[in-house]
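Just a sequence and a predicted model for now, questions to come.
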Amino acid sequence: MSITEKGRNGWVIIASFVFAMILSVFALPLHIQMFMPEWTLLVLIYWCMALPLRVGVGTAWIVGLFMDVLRDTLLGQYALAFALIAFLTLHLHQRIRVVPVWQQSISIFILTLISAVLVFWVKGIQGVAPDFISILSSPLISALIWPAVFLLMRNLRRVYQVK
């Protein structure tokens, strides 16, 4: 890869994060909202696995801060969770990438569960009572839709030749 090709089509990465954030704050009834997958976290995990040299902990921190603002939460709550998940994904990305997509869903479930527990831990410190159904439901739904998200993101990366 030459110098001119380094960092090619970065706008696709930014656009995918923006689209995922819009999906994450989409207004739904409360009883359905707890079953919403963690769109932004799934996109973050994908980019950390696909392009570990371009998307890392710093990107995760910035995306997490945007999620804090969008969801009107304690500033740094999602930033901390996303940075931790990005670190774990970067550390394990070579192991996760070699298994079939349906087996990657198990890793996605664990990573999104870690994020959910961390977010609810911070909410618990604030005095907000945790809802244990949503702690498990969102990571489970995220893991179930991971194969579709993975295939969509991989095709997007290939079509626009994001490197």
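Nice, thanks for sending it over. Here the structure is a predicted model, which means the values were calculated and not measured.

Could you check how far the strand or helix carrying Leu113 is from the centre of its chain?
Per DSSP states H and E, Leu113 falls inside helix 101-126. Its chain's average C-alpha position is 10 Å from that of helix 101-126, according to CA atoms, centre = their mean, to the nearest Å.

tilt between the longest helix anywhere in the chain and helix 101-126?
If you go by DSSP state H, the chain has its longest helix at helix 132-159. Interaxial angle, helix 132-159 versus helix 101-126 (axes from the mean of the first three to the mean of the last three CA atoms, to 10 degrees): 130 degrees.

buried stuff in helix 132-159?
134-135, 137-143, 145-146, 149-150, 153, 157 (16 or more other CB atoms under 10 Å). From N, CA and C alone the C-beta is placed, and that goes for glycine too.

coming back round to it: what's the helix holding Leu113 packed up against?
helix 39-50, helix 77-97, helix 132-159 (3 or more CB pairs under 8 Å, 6 or more residues apart in numbering; DSSP states H and E).

Just put those in TSV and tack on distance to Phe26.
Listed next are these as TSV, based on distance: least, CB to CB, whole Å:
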stretch	distance to Phe26
helix 39-50	9
helix 77-97	16
helix 132-159	14
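
Now render the ones you listed as TSV, adding distance to Leu111 and mean pLDDT.
As requested, the helices and strands packed on helix 101-126 are exported to TSV (distance: least, CB to CB, whole Å; pLDDT from 0 to 100):
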stretch	distance to Leu111	mean pLDDT
helix 39-50	6	98
helix 77-97	5	96
helix 132-159	8	94
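
Which one of the ones you listed lies nearest to Ile125?
Ile125 sits nearest to helix 77-97 of all those, at 9.8 Å, using CB to CB.

How far off centre is that closest one?
On CA atoms, centre = their mean, the centre of helix 77-97 falls 9 Å from that of its chain.

One more: stretch 15-28?
The answer for stretch 15-28 is 11 Å, by CA atoms, centre = their mean.
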